[in-house]
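S.K.: Starting from these lines, generate the structure:
(2 chains)
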Amino acid sequence: DGGITQSPKYLFRKEGQNVTLSCEQNLNHDAMYWYRQDPGQGLRLIYYSQIVNDFQKGDIAEGYSVSREKKESFPLTVTSAQKNPTAFYLCASSTGGRSWPQHFGDGTRLSIL
Amino acid sequence: KNEVEQSPQNLTAQEGEFITINCSYSVGISALHWLQQHPGGGIVSLFMLSSGKKKHGRLIATINIQEKHSSLHITASHPRDSAVYICAVRMVRGGSEKLVFGKGTKLTVNP
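M.R.: Here you go, the predicted model:
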């Protein structure tokens, strides 16, 4: 079955370390998105990519970086510059021409020790 | 003030009850989405609405564009309906279309 795979489910890192969250999709979707979810807040867009080798900043891109070298993959790196990285991160995708996600992954919960 | 407001924030019901979750927004939109977030964190898209009403199984979503309000109804609720229900609106912001999410309504259905 097609879908989005995020790994790992839970991730722990020491403060000051960069960490990369994986997102892979086999839906043949052109667009991919990264969202951050904090308790009591709505999802916020970090980065999105409408096509391979191109990506755009979302509303809260500071302290994060992405790459889109393959259509199937959109990894998110949380850098040491991100002041409060502990959160739940969701990856999503959609077919081309849309600006909103159609499918979501199961998320990665990142905790900074 | 948040652009998307959901109510109630938390809702507890007994199995079989009729459930209503509300979503209000403050600006003109092109469409509204209802999403379901499972306890494990994964999200499933339930409905996308730009007018009127949609039904899928026991779920019904309505939208009133003039009043800037949408409701999600669940008939004959079941414990497996326990989840966080999220409203999101598509609006033009900064020259491009954006999806703005509500904070979610946590529903617990007890057997």
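
S.K.: Run through the helices of chain A in chain order.
M.R.: Per DSSP state H, chain A has no helices. Nothing in it meets that criterion.

S.K.: Alongside chain B, which residues does it contribute?
M.R.: Contacts of chain A with chain B, taken as C-beta under 8 Å from any C-beta of the partner chain, map to A:40-45, A:88, A:90, A:92, A:99-107, A:109. To be clear about C-beta, it is placed using only N, CA and C from the backbone, and glycine gets the same treatment.

S.K.: Inside strands: which ones of the residues you listed?
M.R.: A:R44, A:L45, A:F88, A:L90, A:A92, A:H103, A:F104, A:R109 (DSSP state E).

S.K.: I figured the last one hits A:F88, correct?
M.R.: This points to A:R109. Yes: with contact defined as C-beta atoms under 8 Å, A:R109 reaches A:F88; the gap is 5.2 Å.

S.K.: Could you pick out the buried ones from the residues of chain A next to chain B?
M.R.: Applying 16 or more other C-beta atoms under 10 Å in any protein chain shown to these, the neighbour count classes A:42-45, A:88, A:90, A:92, A:100-101, A:103-107 as buried.

S.K.: so what's the residue lying closest to A:W34 once chain neighbours are set aside scoring on pLDDT?
M.R.: Of all residues not flanking A:W34 in the chain, A:I46 sits nearest, at 4.3 Å (C-beta to C-beta, 6 or more residues apart in numbering or on different chains). You'll see A:I46 listed with a pLDDT of 97.

S.K.: give the contact list for the most centrally placed residue in chain A.
M.R.: Nearest residue to the geometric centre of chain A (C-alpha atoms, centre = their mean): A:W34, 3.0 Å. Contacts for A:W34 (C-beta atoms under 8 Å, 6 or more residues apart in numbering or on different chains) come out as A:21, A:23, A:45-48, A:58, A:64, A:66, A:74, A:76, A:89-92.

S.K.: beta partners for the residue of chain B found nearest chain A?
M.R.: Closest to chain A within chain B is B:F101: 3.4 Å, counting by C-beta to the nearest C-beta. Beta-bridge pairing of B:F101 under DSSP bridges involves B:A88.
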